[in-house]
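Chemist: Fold the stuff below for me.
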Amino acid sequence: MSIQLTLNKSGKHGVPVKIYTSDVEQSALQQLRNLAQLEFVHSHIAVMPDVHVGKGATVGSVIPTKSAIIPSAVGVDIGCGMNALRLSLTANDLPDNLKPLRLAIEQQVPVGFNMHKQIEAKISTLDPLAKRLKPITDKHKGLLKMLKGFERTWAKQLGTLGGGNHFIELCLDENNDVWVMLHSGSRGIGNCIGQYFINLAKKERQSRFGHVPDRDLSYFAEGSDSFADYIEAVEWAQDYAMQNRKEMMRLVIKAMQSPQTGLPRFQITKEAINCHHNYVNEEVHFGETVYVTRKGAISAYSEELGIIPGSMGAKSFIVRGLGNPQSFCSCSHGAGRKMSRGKAVRQFNLDDLRLQTEGVECRKDKGVMDEIPSAYKDIDEVMANQSDLVEVVHTLKQVMCIKG
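Modeler: Got it, this is the predicted structure:
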């Protein structure tokens with residue numbers, strides 16, 4: 001059974017906050033108290049067990065709002081999420097040395113700040129995105145100045161990983177079947193759209209719903225021009241993120257099929273899901289149509305499949321939603337950080353990184369020290385705290401990990 005704490009039970013100073021863990025830092029609690037004061041929040045706020053303080057709003061929060069949206073709650077990595085495929089390969093099909101396979105994938109999928117030298121995505125993917133993007137940039141020309149070589153850059157970044165906690169992994173499940181799992185979002189253009197509209201919301205400071213305790217929680221009210229424009233732009237960025245993951249997965253499979261990897265021929269046997277975990281969506285909860293912002297949370301409606309990754313040295317899970325109404329049919333998006341990137345770099349060394357990623361083919365240098373497994377919460381504890389939100393379908397353990 002999940003642990004559940006409730007802040008603000010009386011409801012005198014805002015809606016209740018229902019938290020599926022007892023492990024919450026004080027700074028995150030304060031962010032949640034601020035969120036709960038907003039007049040347009042519907043019913044309550046649900047907080048997943050991977051909760052930690054975030055920029056603008058708390059990571060791991062599920063925020064249902066009526067007639068308003070908070071751009072900073074969606075954040076700047078709009079549409080960030082996961083994709084996973086099961087292959088017909090088994091552990092016995094993998095070579096003893098996975099480094100050539102890792103390098104082959106890195107040749108196909110640019111990582112970090114890199115992008116494709118030429119546009120790789122198909123015209124059938126690019127044209128619909130370009131057609132929908134033009135009216136957005138026609139109305140908000142400031143976006144064009146925020147990304148160098150705007151038109152070419154967003155197209156060349158389609159099918160690229162990015163940096164931070166984004167990754168591509170090769171995993172084995174409980175049956176020793178091979179999975180490919182990846183994590184990425186809407187890249188530079190999504191970041192620009194997020195920043196642009198967060199700043200616009202702060203500048204406009206719309207006041208239809210009264211007091212806002214933190215400028216980071218500035219909102220757009222339904223009916224305003226900025227609200228409509230943001231919905232259009234955020235939906236575009238979410239679709240771009242979805243296509244980015246599809247394109248990346250295509251390139252990963254292409255790399256794995258190359259003769260240099262030494263892998264036998266294989267087929268895709270199951271796609272778990274291609275799911276967002278930083279996004280906003282219109283849904284019905286407790287009899288009302290609301291905008292649900294999941295900032296570091298995934299949709300977990302009854303029978304819906306989802307992906308919950310651990311750190312680069314821990315397990316990950318393919319899960320099936322239980323449709324719990326109190327969580328707004330949501331669950332965690334991962335393990336969740338327990339320390340900042342700066343603290344992780346200061347606290348650990350390369351020996352720690354090598355030890356904690358033993359058995360995983362990955363970079364083991366200072367450039368990924370901020371992603372060391374000890375910087376994250378215990379994924380088993382996170383899963384135990386949401387046992388009435390999801391059930392585990394497959395347990396995955398990575399054998400190779402690519403970080404940006």
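Chemist: can you list the weak-confidence ranges in this structure?
Modeler: 1-5, 8-13, 272 (pLDDT under 70).
Chemist: the longest helix in it is where?
Modeler: Longest helix in the chain by number of residues (criterion: DSSP state H): helix 225-256.
Chemist: and the next element down the chain from that helix?
Modeler: strand 268-276 (DSSP states H and E).
Chemist: Name every sheet partner of the following helix or strand past that next one and say whether each one runs parallel or antiparallel.
Modeler: Once the chain leaves strand 268-276, the next helix or strand it forms, by DSSP H and E, is strand 278-285. When pairing is defined by DSSP bridges, strand 278-285 lines up against strand 288-295 (antiparallel).
Chemist: C-alpha coordinates for the partner strand, PDB please?
Modeler: What follows is strand 288-295, C-alpha atoms only, in PDB (Å, rounded to 0.1, in the frame of the first residue of the first chain):
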ATOM      1  CA  GLU A 288     -14.900  18.300 -14.200                       C
ATOM      2  CA  THR A 289     -13.000  19.000 -17.400                       C
ATOM      3  CA  VAL A 290      -9.600  20.300 -16.300                       C
ATOM      4  CA  TYR A 291      -6.100  20.900 -17.600                       C
ATOM      5  CA  VAL A 292      -3.800  18.300 -16.000                       C
ATOM      6  CA  THR A 293      -0.100  19.400 -15.800                       C
ATOM      7  CA  ARG A 294       2.100  16.400 -15.100                       C
ATOM      8  CA  LYS A 295       5.600  17.800 -14.200                       C
END
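Chemist: buried stuff in it?
Modeler: Neighbour-count burial for strand 288-295 flags 290-295 (criterion: 16 or more other C-beta atoms under 10 Å). Every residue, glycine included, has its C-beta placed from N, CA and C.
Chemist: tell me the angle the longest helix of the chain makes with strand 278-285.
Modeler: 120 degrees (axes from the mean of the first three to the mean of the last three C-alpha atoms, to 10 degrees).
Chemist: Tell me the buried residues in helix 225-256?
Modeler: Applying 16+ other C-beta under 10 Å to helix 225-256 flags 226-227, 229-238, 240-253, 255-256 as buried.
Chemist: Show me what counts as buried in whichever strand or helix holds residue 382.
Modeler: Element membership of residue 382, judged by DSSP H and E, is helix 379-384. Of the residues in helix 379-384, those buried under the neighbour-count criterion (16+ other C-beta under 10 Å) are 379, 382-383.
Chemist: cool, stretch 170-183 as well?
Modeler: For stretch 170-183, by 16+ other C-beta under 10 Å, it's 170-173, 177-183.
Chemist: Adding distance to residue 398, write the buried residues of strand 288-295 out as TSV.
Modeler: Listed next are the buried residues of strand 288-295 as TSV, based on distance: C-beta to C-beta, whole Å:
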residue	distance to residue 398
290	36
291	35
292	30
293	29
294	24
295	25
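Chemist: just those residues now: which is nearest residue 194?
Modeler: residue 295 (11.5 Å; C-beta to C-beta).
Chemist: In contact with that closest one: list those residues for me.
Modeler: 54, 57-63, 73-75, 278 (C-beta atoms under 8 Å, 6 or more residues apart in numbering).
Chemist: In strands, which of these appear?
Modeler: In strands, judged by DSSP state E, the following of these are found: 59-63, 278.
Chemist: and which of those residues is nearest residue 392?
Modeler: residue 60 (19.1 Å).
Chemist: excluding its backbone neighbours, what's nearest the closest one?
Modeler: Nearest non-adjacent residue to residue 60, counting by C-beta to C-beta, 6 or more residues apart in numbering: residue 51, 3.6 Å away.
Chemist: Could I get the full set of helices for this structure?
Modeler: 26-36, 71-74, 99-108, 123-139, 150-156, 187-204, 225-256, 341-347, 350-356, 379-384.
Chemist: got the buried residues of helix 379-384 as JSON lines, with distance to residue 95 columns?
Modeler: Below are these laid out as JSON lines (distance: C-beta to C-beta, whole Å):
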{"residue": "379", "distance to residue 95": "27"}
{"residue": "382", "distance to residue 95": "32"}
{"residue": "383", "distance to residue 95": "31"}
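Chemist: Show me which of those residues is closest to residue 321.
Modeler: residue 383 (13.7 Å).
Chemist: what's the spacing between the closest one and residue 308?
Modeler: 7 Å (C-beta to C-beta, to the nearest Å).
Chemist: shared neighbours of those two, anything?
Modeler: residue 317.
Chemist: so which of the helices of the chain gets nearest residue 368?
Modeler: helix 350-356 (7.3 Å).
Chemist: Give me the contacts around the helix holding residue 382.
Modeler: For helix 379-384, with C-beta under 8 Å, 6+ apart as the criterion, the contacting residues are 21, 23, 49-50, 308, 310-311, 314-317, 332, 334-336, 392.
Chemist: What subset of those is buried?
Modeler: Buried, going by 16+ other C-beta under 10 Å: 21, 23, 49-50, 308, 310-311, 314-317, 332, 334-336, out of the contacts of helix 379-384.
Chemist: List just the nearest of the residues you listed to residue 149.
Modeler: residue 334 (32.3 Å).
Chemist: In space, what's closest to the closest one - neighbours in sequence excluded?
Modeler: Residue 334 sits nearest to residue 309 (C-beta to C-beta, 6+ apart), 5.0 Å away.
Chemist: wait, the one you found sits on residue 179?
Modeler: No. Residue 309 lies out of contact with residue 179 (C-beta atoms under 8 Å); the separation is 11.3 Å.
Chemist: For residue 255, see how far away residue 127 is.
Modeler: Taking C-beta to C-beta, one finds residue 127 at 26 Å from residue 255.
Chemist: The nearest residue to residue 338 once chain neighbours are set aside: how many residues sit nearby?
Modeler: Using C-beta to C-beta, 6+ apart and skipping the chain neighbours, the partner closest in space to residue 338 is residue 377 (4.9 Å). Residue neighbour count, defined by other C-beta atoms under 10 Å, stands at 24 for residue 377.
Chemist: measure residue 377 to residue 364 for me?
Modeler: The value you get for residue 377 to residue 364, if C-beta to C-beta is used, is 22 Å.
Chemist: can you check residue 27 too?
Modeler: 31 Å.
Chemist: And the two? Which one has more around it.
Modeler: Set residue 27 next to residue 364 and count neighbours by other C-beta under 10 Å: residue 364 wins out with 18 against 12.
Chemist: quick one: contacts for the more buried one?
Modeler: 350, 353-354, 357.
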